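Participant: what follows is a predicted protein model with its sequence.
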Amino acid sequence: MRLNIQSDQIFKQLIIYLGFPALVFFVVFLVLPQWEVKNNIPVLVAFTLLTIVCSFTPFKTPNATLTLNNAVILSGLILWGSWIAIWSCLLEALILGVLFRSSITRALANAGQMLCTVLIVGWIQTSLSGYHIPWPISDLFVAFTYFSVNTLLCAILVSYYGKVSMVNAISNMLKNGSATYIMLLVVGGLGARLVDAYGILSLIPLVAIFLIISVVLRQYYESMHKLAQNMEEVKTFNHKFLTAMAASIDARDRYTSGHSQRVAHWGREIAKEIGLPADKVEEIYVGGILHDIGKIGIEDEILNKKGKLTPEEYDKIKQHTVIGYEIILQAGMFNELLPAIRSHHERIDGRGYPDGLVGNEIPLMAKILAISDAFDAMVADRPYRKGLPVEEALQEIRRGSGTQFDPVLAGHFIELVERLPRGELESIIGQETNAKKQLQEATH
């Protein structure tokens with residue numbers, strides 16, 4: 001794995017330090033024979049200035065800030081061909097490199113990826129023109145090609161300088177503003193066609209429309225941002241409320257201080273370990289917080305009895321799963337957590353309670369929390385006994401694999417616990433006062 005990462009970095013270094021700079025010189029050499037600039041100096045100057053100005057006019061989305069220069073470059077390519085886009089890109093990269101005091105390597109890398117984009121898109125546009133494809137269709141295809149090529153080449157720079165994988169770099173770029181980016185390119189292409197057909201004054205209504213769209217989208221994104229903030233505040237409040245509730249539940253049982261927090265923690269770690277999506281990981285965490293909520297309905301004399309429980313008393317304790325299920329069901333909230341609350345004492349072999357479910361009849365959330373619950377019950381100290389050493393508790397999990405616990409989940413849990421540094425593991429197991437602190441914070 002380490003060798004693959006090093007090879008990947010070397011490959012990116014070769015592209016950035018050799019490939020992109022060499023491409024700059026190659027493209028310049030390639031277009032010199034078609035030196036159309038000498039007859040179009042005013043166009044080149046105006047277009048280059050426009051691309052630079054557009055580099056400083058960001059278009060903001062909730063997760064990204066885009067500039068308009070790519071839309072301008074594409075419009076120039078459609079209007080006058082590759083030469084104007086190539087020379088304006090080259091001059092823009094050099095001027096911006098000086099203004100921002102970028103290193104020569106970065107300036108050449110940036111210029112190289114832009115020139116490569118323009119060269120590929122220009123070649124495709126020229127090829128399409130030979131097939132007499134209607135311009136709306138060809139322009140859409142060219143805009144999408146520009147977006148795809150530019151995203152891929154930019155991802156190389158982002159991946160190398162940001163020290164992230166190519167997959168993550170591309171994924172983030174696609175998720176953050178890609179639709180707006182394509183829209184800007186399409187608007188740029190449309191502007192080029194209007195100028196070509198009706199002259200420069202035809203841009204006035206297009207600019208007006210674009211400004212209106214910009215204002216509307218900005219207001220929309222601002223409202224979405226405020227909504228996201230409000231949702232985050234609600235989420236934080238819910239988390240504090242649930243944490244306080246879990247602390248209250250644990251406070252009723254003097255034998256299980258902090259138990260729900262630790263069960264939630266281990267459940268979340270198992271969910272991450274098996275690759276569940278973030279929303280499911282969060283559900284399992286909250287399920288762990290609330291898994292013992294039914295203990296509210298158990299008498300204190302039974303819950304805190306010092307001696308051995310009678311069979312009748314043990315049957316009442318087992319009812320906490322059904323009581324908790326009914327509480328959440330009647331509340332009409334957190335219905336996605338019902339499996340965690342009702343079924344976390346079910347066993348793979350069908351000898352669990354309350355429903356005697358077998359194997360895959362047991363919901364995944366409940367199977368995960370069953371392991372978390374059992375592990376914490378074994379390793380946590382109680383007033384009447386010392387917790388088991390971690391190695392012995394893991395051995396019990398192994399013994400119960402396939403009978404009490406799901407064997408695949410048990411294997412993942414054992415691996416993740418064994419990977420943890422000893423200090424971190426002891427810190428998690430020893431979090432007995434955390435729930436009390438959470439309760440105090442929530443009630444002040």
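Facilitator: That came in fine, so what should we check first?
Participant: measure L303 to T51 for me?
Facilitator: 72 Å (Cβ to Cβ, to the nearest Å). No exception for glycine: its C-beta is placed from N, CA and C like everyone else's.
Participant: same check, this time on T105
Facilitator: Applying Cβ to Cβ to T105 and T51 gives a distance of 22 Å.
Participant: repeat that for L388.
Facilitator: Distance from L388 to T51, by Cβ to Cβ: 68 Å.
Participant: neighbour-wise, which of those two wins?
Facilitator: Remark: of L388 and T51, T51 carries more neighbours, 26 against 17, as counted by other Cβ atoms under 10 Å.
Participant: check contacts around the more buried one.
Facilitator: Contacts for T51 (Cβ atoms under 8 Å, 6 or more residues apart in numbering) come out as N69, V72, I73, G76, S88, C89, E92.
Participant: from the residues you listed, which is closest to T145?
Facilitator: I73 (13.2 Å; Cβ to Cβ).
Participant: where do the strands sit along this protein?
Facilitator: For the chain, applying DSSP state E gives strands covering 58-60, 65-67.
Participant: how many residues are close by V45?
Facilitator: V45 - counted by other Cβ under 10 Å - has 13 other residues nearby.
Participant: now V263
Facilitator: 30.
Participant: give me the pLDDT for it.
Facilitator: Reported pLDDT at V263 in the predicted model: 91.
Participant: Y161 now?
Facilitator: 83.
Participant: repeat for the one 5 residues further on
Facilitator: In the predicted model, M166 carries a pLDDT score of 85.
Participant: name the nearest residue to it, ignoring sequence neighbours.
Facilitator: S159 (4.8 Å; Cβ to Cβ, 6 or more residues apart in numbering).
Participant: pretty sure that neighbour sits against A169.
Facilitator: Yes - using Cβ atoms under 8 Å, S159 is in contact with A169, at 4.2 Å.
Participant: you'd agree R342 is up against Y325?
Facilitator: Yes - using Cβ under 8 Å, R342 makes contact with Y325 at a distance of 4.0 Å.
Participant: of the two, who's got more company?
Facilitator: Ranked by neighbour count (other Cβ under 10 Å), R342 and Y325 place R342 first, with 25 against 20.
Participant: contact partners for that one?
Facilitator: Here R342 is in contact with T321, V322, G324, Y325, P354, D355, A366 (Cβ under 8 Å, 6+ apart).
Participant: can you do 6 Å?
Facilitator: Residues in contact with R342 (Cβ atoms under 6 Å, 6 or more residues apart in numbering) are T321, Y325.
Participant: so it versus L30, what's the distance?
Facilitator: 70 Å.
Participant: where are the low-confidence patches of the stretch 251-400 of the chain?
Facilitator: 251-257, 381-385 (pLDDT under 70).
Participant: what ranges does it have for its helices?
Facilitator: Per DSSP state H, counting those that start in this stretch, the stretch 251-400 of the chain carries helices over the ranges 259-273, 278-290, 300-303, 311-318, 320-331, 338-343, 364-379, 390-400.
Participant: out of those helices, nearest to G188?
Facilitator: Nearest of the helices of the stretch 251-400 of the chain (Cβ to Cβ): helix 278-290, 35.7 Å.
Participant: give me the contacts around the closest one.
Facilitator: Helix 278-290 is contacted from outside by 242, 246, 260, 263-264, 267-268, 271-272, 336-337, 340, 365, 368-369, using Cβ under 6 Å, 6+ apart.
Participant: and that helix, which residues are buried?
Facilitator: K280, V281, E283, I284, Y285, V286, G287, G288, I289, L290 (16 or more other Cβ atoms under 10 Å).
Participant: how is the chain divided into domains?
Facilitator: 2-198, 242-442 (automatic domain parsing).
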